[in-house]
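>>> Structure here, sequence nowhere to be found:
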Ligand code: ADP
Ligand code: MG
């Protein structure tokens, strides 16, 4: 029996159930594709396990592959655990419990019980076995002993001592002689068994739990129902976290997050041979749940446990072991001295002959020989000399033996009670510690939250101050701009007035010009008329002169008179023409002046119009700016309002706000992904040997059978 720790991985078996009648009626697609004994492909993703069971696999085949070896190991002194995991209605109960009344249909648990007792029956008759059964549940993350408080007459409330040679079985809670049949199987078959099952289902109602989990995800359960769902899921999500942490090789494994993971601490990553049966539905309707279950199994497959045999030595055996270790130490010290001597000789340049050199193999053989000294015989088979006793002595011995057994039982009982008490106290201490730690954490969280809020408050105050300052600046700016706009408006009005004046001046100048033009036209007309009349006069004069010349030959005195008149006339006309020319020159200059003036006015008008346009553009931009500023101002005012509101809220809420926030955070933390895997779980713990314990417990989510062995 080796007591050297050995590493082994957790075994993961995958079992698919057949399509059920409603899935068939619905016409669901059958999704798994099985390849060989250990592969299954779901949704084109391949998964490999230690074994994959197709829907037609029998209960016996499942037991042989999943549990038989573990039971054998447990009987050799190892710890063992088997648990089933899977979505509701995937076949966990079928696998672990099965049909208890049917030899073919019974599941793993009844078969384990059968195997254990078959083994006991086949053992040396001198051996004595103490079988202890515990039955507890983990519900809402609380462990409850289901035996505690049960009627003493209940056949499951016992601790059995079975001694094959002397069937004087003592029973702590008074049960009669119990063999595997009437201990674990018969009670499950008769009415009491039904009572037990009923009892289980009354505490862990599978139906309500089922609908509960779906309610959480779909409609959001409330109050106690929600708490219940959260706590149920807590165990399962903690299990998932532990499996993930172990699979990732993380340094910290959160076993302490739930009672279930704490109970399973040795089974997952500890000293235990563990097999996980993951159960899955083959229907396409459940594809995502099936995939998540398979992923869980894949992760769990990578976990390594370190197992070693549990051995409980007697004082005599401990003494022998000590002597042996002392011998081993001595042999090793001799080896060292030998090697040191040899080394010194080599160092001194000596050549050590082969027969004087250290013989490693011989030394190892000596140590091994010490290891193999047979002294591990169980205490119950002492090598005592056979004594011949008379019948009376025999009777006396038997009475004495019975007394001693009774004492042993009493002591056992006492030890049990004490250890239970110690366990309870330890549990209480752990709970208190946890409470303290969580209170401390809460306090720290609250403190940091308070600090954060204070800092936030300060920052808000600063912000408000800055905003107010900016507002003040803006107000000043706004005043300046308003003043500017006013000035510009005044200027604009002045310019408009000036423009109006200029325009009226221009109109008057225009009309004057028109008048002057008219006058000049009139003058020109008059000049042309006068010229034509003058030319006419001159022509008449010419005619007259011609006739006078003719008359001159006749009378020269008349001609002289006419000449004088003509000369006068001409000079008069000359002077008149001169004045006319002068006048026309004057008019021309006036016209050119007017034209010049008109040009100037035109220019001035254009300049004025340009200026007006400029002013108008400026006014427009100023108005826009003003509007912008006003909008900004409004925004800032709103900002200030909201900041003030926040400030008031923060200071008013103060600590209550902190609390709520932390509460929110806590809520967030406890908000767990609702899981579908809610079902009955059995936890069992079976130290076996001098004392064999079997603890079976229904827990939501999975079935667990823990088997533990001690000599
Ligand atoms: P769970 O305990 O996981 O909620 P059950 O074990 O109650 O699921 O299984 C649901 C139904 O499917 C039961 O009626 C059960 O008899 C049936 N079932 C499960 N696995 C198998 C199987 N391998 N072969 C035949 N029927 C099965
Ligand atoms: Mg079930």
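That came through, no problem. Given the structure is predicted, the values throughout are model-derived calculations rather than measurements. Ligands and ions are numbered 1, 2, ... in the order given.
>>> just for this protein, where's the confidence low?
Within the chain, the stretches with pLDDT under 70 are 1-5, 124-233, 311-314, 371-389, 545-559, 654-711.
>>> That one: strands as residue ranges?
Counting by DSSP state E, one finds strands in the chain at the ranges 6-9, 11-16, 33-35, 39-42, 45-48, 51-53, 80-86, 128-139, 142-145, 159-163, 273-280, 304-307, 692-696, 702-707.
>>> by contact count, what packs against the fourth one?
Read it as strand 39-42. Contact analysis of strand 39-42 by 3 or more CB pairs under 8 Å, 6 or more residues apart in numbering; DSSP states H and E lists strand 33-35, strand 45-48, helix 287-301 as its packing neighbours. The way it works is simple: take the backbone N, C-alpha and C, and place the C-beta from them, glycine included.
>>> Run me through the strand neighbours of that strand, direction for each.
Here strand 39-42 has these sheet partners by DSSP bridges: strand 33-35 (antiparallel), strand 45-48 (antiparallel).
>>> interface residues of this protein facing ligand 1?
Neighbours of ligand 1 within the chain, by CB under 6 Å from any ligand atom: 17-18, 20, 55, 86, 88-94, 279, 679.
>>> Go again with 8 Å.
15-18, 20, 53, 55, 57, 84, 86-97, 206, 279, 677, 679-680 (CB under 8 Å from any ligand atom).
>>> Just the buried residues from these, in ChimeraX please.
In ChimeraX, this line selects whichever of the residues of the chain next to ligand 1 come out buried by 16 or more other CB atoms under 10 Å:
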select :15,16,17,53,84,86,87,88,89,90,91,92,93,94,95,96,97,206,279,677,679,680
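>>> what residues are up against residue 519?
By CB atoms under 8 Å, 6 or more residues apart in numbering, residue 519 lies in contact with residue 587.
>>> any idea how far it is from residue 575?
22 Å (CB to CB, to the nearest Å).
>>> For residue 72, give me its contacts.
Residue 72 neighbours (CB under 8 Å, 6+ apart): none.
>>> so which residue of the chain comes closest to ligand 1?
residue 91 (2.8 Å; CB to the nearest ligand atom).
>>> okay but that residue is in contact with residue 15, surely?
Yes - using CB atoms under 8 Å, residue 91 is in contact with residue 15, at 6.2 Å.
>>> Need the residues touching each of those two.
Looking at what touches both residue 91 and residue 15 (by CB under 8 Å, 6+ apart), the common residues are 279-280.
>>> Which positions in the stretch 51-200 of the chain make contact with ligand 2?
For the stretch 51-200 of the chain, the contact set with ligand 2 under CB under 5 Å from the ion comprises 92-93.
>>> Same question for stretch 613-625: list its buried residues.
Across stretch 613-625, burial judged by 16+ other CB under 10 Å covers 615, 622.
>>> what distance separates it from the centre of its chain?
Put simply, stretch 613-625 sits 57 Å off its chain's centre (CA atoms, centre = their mean, to the nearest Å).
>>> which other residues reach that stretch?
Contacts for stretch 613-625 (CB under 8 Å, 6+ apart): 481, 484-485, 488-489, 491-492, 495.
>>> out of the residues you listed, which are buried?
By 16+ other CB under 10 Å, the contacts of stretch 613-625 give 485, 492 as buried.
>>> Out of the contacts of stretch 613-625, list just those in helices.
In helices, defined here by DSSP state H, the members of the contacts of stretch 613-625 are 481, 484-485, 488-489, 491-492, 495.
>>> Distance to residue 452 added to the residues you listed, as JSON lines?
Putting the ones in helices among the contacts of stretch 613-625 into JSON lines (distance: CB to CB, whole Å) gives the following:
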{"residue": "481", "distance to residue 452": "42"}
{"residue": "484", "distance to residue 452": "47"}
{"residue": "485", "distance to residue 452": "47"}
{"residue": "488", "distance to residue 452": "52"}
{"residue": "489", "distance to residue 452": "53"}
{"residue": "491", "distance to residue 452": "57"}
{"residue": "492", "distance to residue 452": "57"}
{"residue": "495", "distance to residue 452": "62"}
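>>> Now the two most distant members of the residues you listed.
481 and 495 (20.5 Å; CB to CB).
>>> mind listing the helices in the stretch 301-450 of the chain by residue range?
Taking DSSP state H, counting those that start in this stretch to define them, one finds helices in the stretch 301-450 of the chain at 315-347, 360-371, 391-554.
>>> right, and those - which one's nearest residue 117?
Taking those one by one with CB to CB, helix 391-554 is closest: 20.9 Å.
>>> Centre of the chain to that closest one, how far?
38 Å.
>>> ok, whichever residue of the stretch 451-600 of the chain sits closest to ligand 2 - how many residues close by?
Relative to ligand 2, the nearest point of the stretch 451-600 of the chain is residue 452 (46.8 Å; CB to the ion). When neighbours are defined as other CB atoms under 10 Å, residue 452 has 12 of them.
>>> likewise residue 43?
Residues near residue 43, counting by other CB under 10 Å: 13.
>>> Residue 235 now?
Residue 235 has 27 nearby residues by other CB under 10 Å.
>>> Surely it and residue 262 touch.
No - in this structure residue 235 lies outside contact range of residue 262 using CB under 8 Å: 10.3 Å.
>>> so who does the residue in the stretch 301-450 of the chain that ligand 2 sits nearest to touch?
Of all residues in the stretch 301-450 of the chain, residue 301 sits closest to ligand 2, at 23.2 Å by CB to the ion. The contact partners of residue 301, by CB under 8 Å, 6+ apart, come to 9-10, 12, 49-50.
>>> ok, now residue 626?
478, 481-482, 485.
>>> Just want to check the distance between it and residue 291.
In terms of CB to CB, residue 626 sits 66 Å off from residue 291.
>>> What is the burial count for residue 300?
Around residue 300 there are 25 residues (other CB under 10 Å).
>>> That one and residue 243 touch, don't they?
Yes - using CB under 8 Å, residue 300 is in contact with residue 243, at 5.1 Å.
>>> anything in contact with each of those two?
residue 268.
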